[in-house]
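Student: fold the stuff below for me.
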Amino acid sequence: MLKRLYIHNYKCLVNFEWRLDGLQSSLLIGKNGSGKSSIADTLTFFRDIGRGENDVAALGREDGFTLSPLALWNGRRDSCEPMVFELDVELDTVLYSYRLVLDFPKKFQKLRIAEERLSQNGKLSYTRETAKVVIAREGQPDAVLGHDWHSVFLPTFQDASQNAPVLLFKKWLADMVILTPVPFLMTGQPVDRLAPLKRSASNLVDWVVRLQADSEAANQIGDYIREVFPDFKAFAIRKLDRDAAYGPEYLFLRFFDEQTSEVPFFLLSDGEKCFFLSALLRASTTLEKDSFCLWDEPDCHLASHEVGFLIRALRSLSGQSILTSHQLETVRQFPDEATFVLLRDTHLVPTRPPRTLAQLRDAKELKGDLSHAILTGDLYGE
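Tutor: Here you go, the predicted structure:
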């Protein structure tokens, strides 16, 4: 479970710390530009590291963005300060604390790793400053080695212990599901059946194929889909022309009627595609007790009366989930203690530390009706 996230000097997030102790399901709200997607970006960087990507310049590239220091966004190369990323994750009673610091010295063409550190329950696994890595070894002298200063060390680090706890941490990072779906790109056509799910969910069908390999997950997908589409029967992946020897394959959904018709996935509406994606997500989390998902605005393609159902379904995920939203109905589905508000006054100042609705009420900064405060922008200081 993600316990803590710290971000410094990335976009609008400066000295930004978010604690999630004990929260299995939480909500992030805030006006546009307050940093919700920047948090998703950061978790995407960590996810890519877990998947074995060690080139700093390549982190996030698969999802269409890359790391860049805040100072560069403002055109001030001479005043470029380091970026700091930290997260604390608890898995099987072990607290993993990982820290990555990136800087951009003069005459460099891309970011350099200034510092990197991993500890387990407060005990160092390794520490690093620029190109020098020191690996802690119990009962033996520490191992010292050099490493490319543009390359993250964590994917390279091998755990020598018998139960391989660091491998468990890297797997948790790799299995994080970070979603900002783009329904237009969800064509229902397989891309690479070995590739992990992209943030855009454009390769959703590849995920379907892998989940089908597990009989329990495959059955649950159908059950979850029928909660939304009662006439759903099954799905299949085949060519558009059944008799064609060659050609691309597509995902088809079968529905009950007098003749049991098939509908290609690409003909579904944007909202229906998101409902289908949520069914896959719910089925996948039953396979991993420590699953994690961040879904950026899952309600943006839904009708108002459909929002509540989807949010309740996502809140019931067996693992940890974080949602972001602008919708009042979504806010209503979360308790005040699990709803975090991001506030940012102008584009020239960073986002303030997140506070829950409960904290805002206790501080008398949220008065009266919550619905009115959200709809008028009073909650965000507008």
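Student: use CA for all of it now, contacts and neighbours both
Tutor: Will do.
Student: run through the stretch 1-150 of the chain and note the low-pLDDT ranges.
Tutor: 63-80 (pLDDT under 70).
Student: and the helices in it?
Tutor: Using DSSP state H, counting those that start in this stretch, the helices of the stretch 1-150 of the chain run over 36-50, 70-73.
Student: can you say which of these is nearest to residue 328?
Tutor: For those, the distance to residue 328 is smallest for helix 36-50, at 16.4 Å, taking Cα to Cα.
Student: what pairs with the residue most central in space within the chain across the strands?
Tutor: With distances taken as Cα atoms, centre = their mean, the chain has residue 178 as the residue nearest its mean C-alpha position (2.6 Å). Applying DSSP bridges to residue 178 gives these bridge partners: residue 294.
Student: what sits against it?
Tutor: Residues in contact with residue 178 (Cα atoms under 8 Å, 6 or more residues apart in numbering) are 40, 43, 44, 198, 199, 293, 294, 295, 296.
Student: re the thing from before, closest one to residue 124 among the helices of the stretch 1-150 of the chain?
Tutor: So among the helices of the stretch 1-150 of the chain, helix 36-50 is nearest, using Cα to Cα, at 18.6 Å.
Student: run the chain-centre distance for the closest one.
Tutor: In terms of Cα atoms, centre = their mean, to the nearest Å, the centre of helix 36-50 is found 6 Å from the chain centre.
Student: just checking, what packs against that helix?
Tutor: helix 165-175, strand 177-179, strand 292-296 (3 or more Cα pairs under 8 Å, 6 or more residues apart in numbering; DSSP states H and E).
Student: one more time with 6 Å, if that's ok
Tutor: In terms of contacts (3 or more Cα pairs under 6 Å, 6 or more residues apart in numbering; DSSP states H and E), helix 36-50 is packed against helix 165-175.
Student: so which bits of the helix it packs on are buried?
Tutor: In terms of neighbour count (16 or more other Cα atoms under 10 Å), helix 165-175 has its buried residues at 165, 166, 167, 169, 170, 172, 173, 174, 175.
Student: doesn't residue 49 make contact with the fifth one?
Tutor: No: here residue 170 lies out of contact with residue 49, judged by Cα atoms under 6 Å, at a distance of 8.0 Å.
Student: how many neighbours does residue 339 have?
Tutor: Counted with other Cα atoms under 10 Å, the neighbours of residue 339 add up to 24.
Student: quick one: residues contacting it.
Tutor: Residues near residue 339 by Cα atoms under 6 Å, 6 or more residues apart in numbering: 26, 27, 356, 357.
Student: now the closest residue to residue 20 other than its chain neighbours: how far from residue 292?
Tutor: What sits nearest to residue 20 in space, not counting adjacent residues and going by Cα to Cα, 6 or more residues apart in numbering, is residue 3, at 4.9 Å. Noted for residue 3: a distance of 12 Å to residue 292, by Cα to Cα, to the nearest Å.
Student: then residue 348?
Tutor: Counting by Cα to Cα - residue 348 and residue 292 are separated by 33 Å.
Student: so what's residue 87 bridging to?
Tutor: In beta-bridge terms (that is, DSSP bridges), residue 87 pairs with residue 5, residue 98.
Student: which residues does it contact?
Tutor: Residues near residue 87 by Cα under 6 Å, 6+ apart: 4, 5, 97, 98.
Student: wait, which of the contacts of residue 178 is closest to residue 142?
Tutor: Comparing those against residue 142 with Cα to Cα places residue 43 closest, at 30.4 Å.
Student: can you report how many residues lie near that closest one?
Tutor: Counted with other Cα under 10 Å, residue 43 comes out at 21.
Student: go on, the one 3 residues further on?
Tutor: Here the number of neighbours of residue 46 (other Cα under 10 Å) works out to 22.
Student: rewinding a little: closest one of the contacts of residue 87 to residue 268?
Tutor: Checking these against residue 268 by Cα to Cα gives residue 5 as the nearest, at 36.7 Å.
Student: I'd like to know how many residues surround that closest one.
Tutor: With other Cα under 10 Å as criterion, residue 5 counts 20.
Student: right, and it touches residue 21 too?
Tutor: No: using Cα under 6 Å, residue 5 is not in contact with residue 21; the gap is 10.7 Å.
Student: you'd agree residue 336 is up against residue 357?
Tutor: Yes: here residue 336 reaches residue 357: they are 4.8 Å apart, a contact under Cα under 6 Å.
Student: looking at those two, which is more packed in?
Tutor: Shown here are residue 336 and residue 357; by other Cα under 10 Å, residue 357 has more neighbours (20 against 17).
Student: residue contacts, that one?
Tutor: Counting by Cα under 6 Å, 6+ apart, residue 357 makes contact with 336, 339.
Student: how confident was the prediction at it?
Tutor: Per-residue confidence at residue 357 stands at 92 (pLDDT).
Student: ok, residue 13 - contacts?
Tutor: Contacts of residue 13 by Cα under 6 Å, 6+ apart are 350, 351.
Student: for the nearest residue to residue 142 once chain neighbours are set aside, the count of nearby residues, please.
Tutor: Of all residues not flanking residue 142 in the chain, residue 136 sits nearest, at 4.9 Å (Cα to Cα, 6+ apart). Residues near residue 136, counting by other Cα under 10 Å, number 17.
Student: now the end-to-end length of stretch 319-338.
Tutor: Stretch 319-338 has an end-to-end distance of 15 Å (criterion: Cα to Cα).
Student: for stretch 154-172, same thing?
Tutor: In stretch 154-172, first residue to last residue: 13 Å (Cα to Cα).
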